[in-house]
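K.L.:
Mind folding the following:
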Amino acid sequence: MNNFLTPLDIRYVDKRFRQILAPFVYRLDSPDGEEFVNVPVGFLTDFASIPGALRTFWPSPGGPWDKPAVIHDALYQRGYVERADGSKRIIERAEADEIFKEAMNVTETSWYSRRLIYRGVRVGGRGTWNAYREAERPEAPPPLEDL
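P.N.:
As a prediction, this is how the structure comes out:
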């Protein structure tokens, strides 16, 4: 079973980022699932944000978690999954992390690596998720006394 419907085609941008060169699609739950993550051309990813000291064991990029990490980056930046009918469903951070774990299972990331990387995003991802959600909020209206 491969829920990744398209190959990951990337270009090196700099030491940290890679750019997606062709649409990259992951279907949730099964290859014919109704919900999916579509990563568009031009999207920038840093793959998995694995601390430098641990990259000896879990290089990024360079492991079976690369494709799932791109999907996870897209989920964190957007905060939604798409549906076959063209609609979007808003997700919570925990679901984005669960989708990441599911995708690592699909790419046959070892149980040990999958568990540690998943725990890492659960512990360290809150600030990034919140920063993206904060950036989505429209500016607050001025206080009534300023009107």
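
K.L.:
C-alpha from now on. contacts and neighbour counts both.
P.N.:
Noted.

K.L.:
correct me, but residue 69 touches residue 47?
P.N.:
Yes. Residue 69 is within contact range of residue 47, at 5.0 Å (criterion: Cα atoms under 8 Å).

K.L.:
Could you pull out the strands in the protein for me?
P.N.:
For the chain, strands defined by DSSP state E occupy the ranges 10-12, 18-20, 24-27, 35-39, 44-45, 80-83, 88-90.

K.L.:
what's the spacing between the residue nearest to residue 109 when sequence neighbours are not counted and residue 29?
P.N.:
Leaving aside its chain neighbours, residue 109 sits nearest to residue 64 (5.4 Å; criterion: Cα to Cα, 6 or more residues apart in numbering). Distance of residue 64 to residue 29, given as Cα to Cα, to the nearest Å: 18 Å.

K.L.:
the more surrounded of those two?
P.N.:
residue 64 (21 against 15; other Cα atoms under 10 Å).

K.L.:
quick one: that one and residue 106 touch, right?
P.N.:
No. Shown here, residue 64 and residue 106 do not form a contact pair, counting by Cα under 8 Å, at 9.3 Å.

K.L.:
Spatially nearest residue to residue 20 (excluding sequence neighbours)?
P.N.:
Closest residue to residue 20 apart from its sequence neighbours, by Cα to Cα, 6+ apart: residue 10 at 4.6 Å.

K.L.:
how near is the one you found to residue 29?
P.N.:
Distance, residue 10 to residue 29, by Cα to Cα: 25 Å.

K.L.:
what's the answer for residue 107, then?
P.N.:
Taken as Cα to Cα, the span from residue 107 to residue 29 is 13 Å.

K.L.:
same thing with residue 66?
P.N.:
The gap separating residue 66 from residue 29 is 19 Å, by Cα to Cα.

K.L.:
quick one: the helices in the chain?
P.N.:
Counting by DSSP state H, the chain has helices at residues 66-78, 93-106, 111-124, 126-136.

K.L.:
Please identify the most buried of the ones you listed.
P.N.:
Counting by mean count of other Cα atoms under 10 Å, helix 66-78 has the highest mean neighbour count of these, with a mean of 22.
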